[in-house]
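# Let me see the structure of the following:
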Amino acid sequence: MGKITFDSIIKKLGLIGLLTIFASSGLMAQSDTPCEGAQRWTDGAGWVNGTINESPGNNDTKGIVACGSAANTQSQVAPFNNSVYNSSSFLVDVSGLNCIDPSTGLVVNPVNPTNGEPIIWLNFDVRANGGSFQIQINDNSGDNVAWALYSSNTSTNGTSTAANGEELSGDCSSLTLRSCGVESSNTWNTLPVPDFNATTNYYIAIWDQDADGDVQVNNFKARFGCGDADVLICNLAEGTPTTSCNDGGTYTVSVPIEGINGEFYAYDPNATPTLSTSVCLTNSSDTNVTSGTLELTYPQGVDYNITIFEATSSSPPIAVPNGACPDPDGTLGGADECTVNVSGTAPICFICPTLNNESPDMEVCVDNQEQTLSVDTDVDDIDIEFVWFNTAQANPYGGGTPIGTAVTPVGGTATSNAGINFATAGTYYVYAILDTDDPELTDSNCRPFTEIIITVVPLPDQPTVNVTDATCDAAGTATITNYDAALTYTFAPNDGTTV
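Numbering: from 1, shown residues only. Below you'll find the predicted structure:
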């Protein structure tokens, strides 16, 4: 047995320490989050100051899925920065999703990644208003590949240098799971974007379900980044609704929409009519119509609750015709995925005034007029007119003779600025109506009125007295013609008395 010396012990301990250091540094170098392990896809279009460069140079940062059928390909994609899976650092769980095998179109159930096994994180983008895109993943012949697709909860039009040295887009620390699948082989996965109006920054995780210590894909391909794939997927985004008041006691709701591949309707049982005309949205390889407006009309005061749906929905709120628009046919992004609800309160439109408490009917003598007329109203910003007719009117808004000019109510009461002055005795029908020339009167169906009946009586006939002088043979007489028993007659004899 050899002699053990102090020096040999120190040397052995030193060797163990070095091995421990190397082992520790190897573990520390492993990356177990998307931010640490993500690499930028090296093909497709690129960003230049927030705009898209469809033909970037070899040294430019790329990674935007291009339009059209040409497949942009990155080959031999392997884990970056010694990336491994650690469920405690970032959980990848596709067990609750319907993952699709694109080769068969059937739902599959991939095995979640195994802790400590290598994992690929690849970052790429789909442009705003693209709507859908296609990817294809070819494995390395010995790997049983599965993948999970995440989108960043923050959208950016460009990349920035991440802590791991890569140019990455969005926020790699805040992701939402969107889809999952397995190897594409020579078929394609057609996928919708979550927000049609914004750039989508994607992070895709790829792993080997066999967990044999390595993973690599021969090719990662992407194409049809403008929603122009041969597999049509609909995508729908509603804008902010606006309301406008109409004549006739109604208002209209206008809802702007953007999207691709579908014929869209708006429906609300409270609207009149309940169904809108349709808007046909296509894609960049068709007529490239990706926006439109849906409108419904309501009685004033009725709130709106609109369902926007695609014509081929399996459960539409109302049966609709299906025109010549593209019909979505994707498993993801099919017609049933393109339904939204828009609700809101009715706007405060024109309120038709009420007219009441008008001057009472009256009887006046033809020589005792100039009385003013008045009416109460609950709106002070619409002028009032007083007009008269010789006969009663079912609708006094048309014709008639004005009494003065239009007046503005004060304190809820409108008083004519001229008195009545009828030339002859008779019955007159005076109406308080709204001034139809007032710009505040926006509802042509708002025509309230009140009626005041004025009876003008004539002057009484002047009585005449015919006197027959007295003679010696006969007494004198005085005869009153046009006698009216309602009048008082006074006689004044010559003796200073009255009778």
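
# Need the CA coordinates for the strand or helix carrying residue 253. CSV is fine.
Using DSSP states H and E, residue 253 sits in strand 250-260. This file holds the C-alpha atoms of strand 250-260, laid out as CSV (Å, rounded to 0.1, in the frame of the first residue of the first chain):
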residue,chain,number,x,y,z
THR,A,250,-84.5,56.3,-33.6
TYR,A,251,-80.8,56.0,-33.4
THR,A,252,-78.2,53.9,-35.3
VAL,A,253,-75.2,51.9,-33.9
SER,A,254,-72.2,51.6,-36.2
VAL,A,255,-69.6,48.9,-35.3
PRO,A,256,-66.4,48.9,-37.3
ILE,A,257,-64.9,45.5,-37.9
GLU,A,258,-61.6,44.2,-39.2
GLY,A,259,-60.6,40.7,-40.1
ILE,A,260,-60.3,38.1,-42.9
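
# So which other helices or strands are in contact with it?
strand 235-238, strand 242-245, strand 279-281, strand 291-299, strand 304-310, strand 340-344 (3 or more C-beta pairs under 8 Å, 6 or more residues apart in numbering; DSSP states H and E). Where C-beta positions appear, they are placed from N, C-alpha and C, glycine not excepted.

# what does stretch 80-97 rub up against?
Contacts to stretch 80-97, defined as C-beta atoms under 8 Å, 6 or more residues apart in numbering, come from residues 29-34, 36-39, 109-110, 112-121, 146, 148, 164, 166, 177, 179-180, 205, 207.

# can you tell me which of these are in strands?
Members of the contacts of stretch 80-97 lying in strands (criterion: DSSP state E): 38-39, 120-121, 146, 148, 177, 179-180, 205, 207.

# possible to save those as a markdown table with distance to residue 462, neighbour count and pLDDT?
A markdown table is the format used below for those (distance: C-beta to C-beta, whole Å; neighbours: other C-beta atoms under 10 Å; pLDDT from 0 to 100):
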| residue | distance to residue 462 | neighbour count | pLDDT |
| --- | --- | --- | --- |
| 38 | 113 | 24 | 98 |
| 39 | 117 | 23 | 98 |
| 120 | 119 | 24 | 98 |
| 121 | 115 | 27 | 98 |
| 146 | 117 | 26 | 95 |
| 148 | 111 | 24 | 97 |
| 177 | 106 | 16 | 97 |
| 179 | 106 | 22 | 94 |
| 180 | 110 | 26 | 95 |
| 205 | 114 | 25 | 98 |
| 207 | 120 | 26 | 97 |
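
# closest to residue 275 among the residues you listed?
For the ones in strands among the contacts of stretch 80-97, the minimum distance to residue 275 (C-beta to C-beta) is 33.0 Å, reached by residue 179.

# that older thread, is it possible to export the helices and strands packed on strand 250-260 to TSV including mean pLDDT, mean neighbour count and distance to residue 189?
Converted to TSV, the helices and strands packed on strand 250-260 look like this (pLDDT from 0 to 100; neighbours: other C-beta atoms under 10 Å; distance: least, C-beta to C-beta, whole Å):
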stretch	mean pLDDT	mean neighbour count	distance to residue 189
strand 235-238	93	23	16
strand 242-245	95	15	38
strand 279-281	95	23	22
strand 291-299	97	18	27
strand 304-310	97	22	21
strand 340-344	97	15	24
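
# Dump those strands to a markdown table, plus distance to residue 367.
Output for those, formatted as a markdown table (distance: least, C-beta to C-beta, whole Å):
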| stretch | distance to residue 367 |
| --- | --- |
| strand 235-238 | 72 |
| strand 242-245 | 50 |
| strand 279-281 | 71 |
| strand 291-299 | 52 |
| strand 304-310 | 61 |
| strand 340-344 | 62 |
